[in-house]
Structures are given as structure tokens and as C-alpha cells.
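J.: next come a sequence and a model predicted from it.
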Amino acid sequence: MSRRPARRRSRKTDGTEQLLLVIGGLVIVAAMIAAIVDFVRAYPWVPVVLVLLAGGAVLVWLAQRRRAAQWERVRSQGLRYALAQLDALHHRQFEHAVRDLMRRDGCTDAVQVGGAGDNGADVKATDPYGRRWVIQCKHRRAGLSGAAVGTPDLHVLNGTGRPVHKGDVIVLVTNGKFSKPALDFARSQRLHLVDRTLLGEWASGSRPLWELLRAVPPPRRPTSLS
């Protein structure tokens, strides 16, 4: 007994199914929109928070791009010092040079404050990430051959850097060297030391100081400087 050929689906049937699919999709979309509207009515603060978060993310991204562009300009056009130049400076000029290097790196408020009654701080600055830097400078006319910076200078800086000057990053910079006890004390007290080698790298303009030091505190919340 011969089989009857299968009937082809009519165009009308195909069109009906497509129409049903479209209608079903519209119903689902309408239900989702209605659910979203109901949610927003019940929690009107949620969209505001989402918009603020998105806006904050965009602002942070833009600030990071601006900082990167600023540092690229600084690195290509910024101040440079050779160690021989720093060795030849008077100790007060050395403080000014450190101040200028911080300004070069984007610390627009960097100021030299060393002198009588400075309470252990020679330079203060706020970096583009909102961190407050308190820096003491120890210049050695003989450079590496001069006397090593010891713990007495660090004791003064450690006693005033945070409680008096409200610093986040406490640094002692020298064009010479540090004694072994000074290195150990600085490590135990979270003080940052910049010796002749590190100073030469920083002054040559390779990178800002906070990228050369280890264990620098994380950035603060964005400020007018960032």
C-alpha cells in the first residue's frame, strides 16, 4: 500500500507561529518593564545609587587618564638632577631640590619648611593620590664618603612625622648612606629611606618617588590634587 506524500506546512501556518512568537516576546518584554517599574516605585533610591556609581567610575577613570598624561609630560620635560649636582648644593638648597622633585612628580603644593623649629620636617607635599608626605633631608658634602645617617635623626622624624605633621608617608632623603641600625629602625617604624642610589634614580626622572619606594600606603580618596 503506497504512502501518501507528507503535506507541506502552509505559509499561513508558518506566519501564525511567527506572529505568536512575536506576541509572546512582546508579552515577556512588557512583563519585564512592568516589573522594573514596580521595583523602581518600591525602591526609588536604587536608580540614583546606580547613576552615582556609574558617574563615580567614569570620574575615576578620567582622573587616572589625566594623571597618566600629566606624568608623561613631566617625565619628558621635567626636572633632572645628577648626583654630582646634588652633592655640590648647600644643605638648604638640597631641601629646595627635593621640594622641586616632588613638584615635578605632581605634588603641586610641595613646600620647603626646614629651618629652626621645623620639628623634623624639611619638605611637605601632597601627592596626586591624596597622600601627605613629610620628608627630612640630610645632605652630605662628601656624598657616599660622608658620615652615615644614624638612628637619632630617625627618632626625631618618627616622633613628629605622623602625630605632629599628620603625614601618611614619612621619608628621610640623603645623598649619602644609612647605618645598619638606622635601616633596622626605619623598617620597624614604617619609615621610608632614600639613600644615594635611590636618590640618583629618582632625581634622574625615571619614575615618581612613590613608585620607587616599597610598601607606600594606598591612595586616599580623590582630592583636588588628584
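T.: Right, received. Where do you want to start?

J.: just read off the phi/psi values of the residue nearest the centre of the chain.
T.: The residue at the geometric middle of the chain, judged as the C-alpha nearest the mean C-alpha position with Cα atoms, centre = their mean, is residue 129 (4.4 Å). For residue 129, the backbone dihedrals (degrees, to the nearest 10) come out as phi -100, psi 10.

J.: three-state assignment of the closest residue to residue 146 other than its chain neighbours?
T.: Residue nearest to residue 146 in three dimensions, not counting chain neighbours: residue 140, with 3.1 Å by Cβ to Cβ, 6 or more residues apart in numbering. Heads up, the C-betas are built off the backbone N, CA and C, glycines and all. Per DSSP: H, G, I helix; E, B strand; the rest coil, the local secondary structure of residue 140 is coil.

J.: correct me if wrong, but residue 172 is in a helix.
T.: No: checked against three-state DSSP, residue 172 lies outside a helix; its state is strand.

J.: separation between residue 148 and residue 134?
T.: Plainly put, residue 148 is 22 Å away from residue 134 if you go by Cβ to Cβ, to the nearest Å.

J.: these two: which is more packed in?
T.: Shown here are residue 148 and residue 134; by other Cβ atoms under 10 Å, residue 134 has more neighbours (25 against 17).

J.: tally of neighbours for the closest residue to the more buried one other than its chain neighbours?
T.: Nearest non-adjacent residue to residue 134, counting by Cβ to Cβ, 6+ apart: residue 167, 3.3 Å away. Burial of residue 167, expressed as a neighbour count using other Cβ under 10 Å, amounts to 21.

J.: next one: residue 45
T.: 8.

J.: can you check the one 3 residues further on too?
T.: Neighbourhood size, residue 48 [other Cβ under 10 Å]: 10.

J.: helix or strand: which one has it?
T.: Assigned by DSSP states H and E, residue 48 belongs to helix 45-77.
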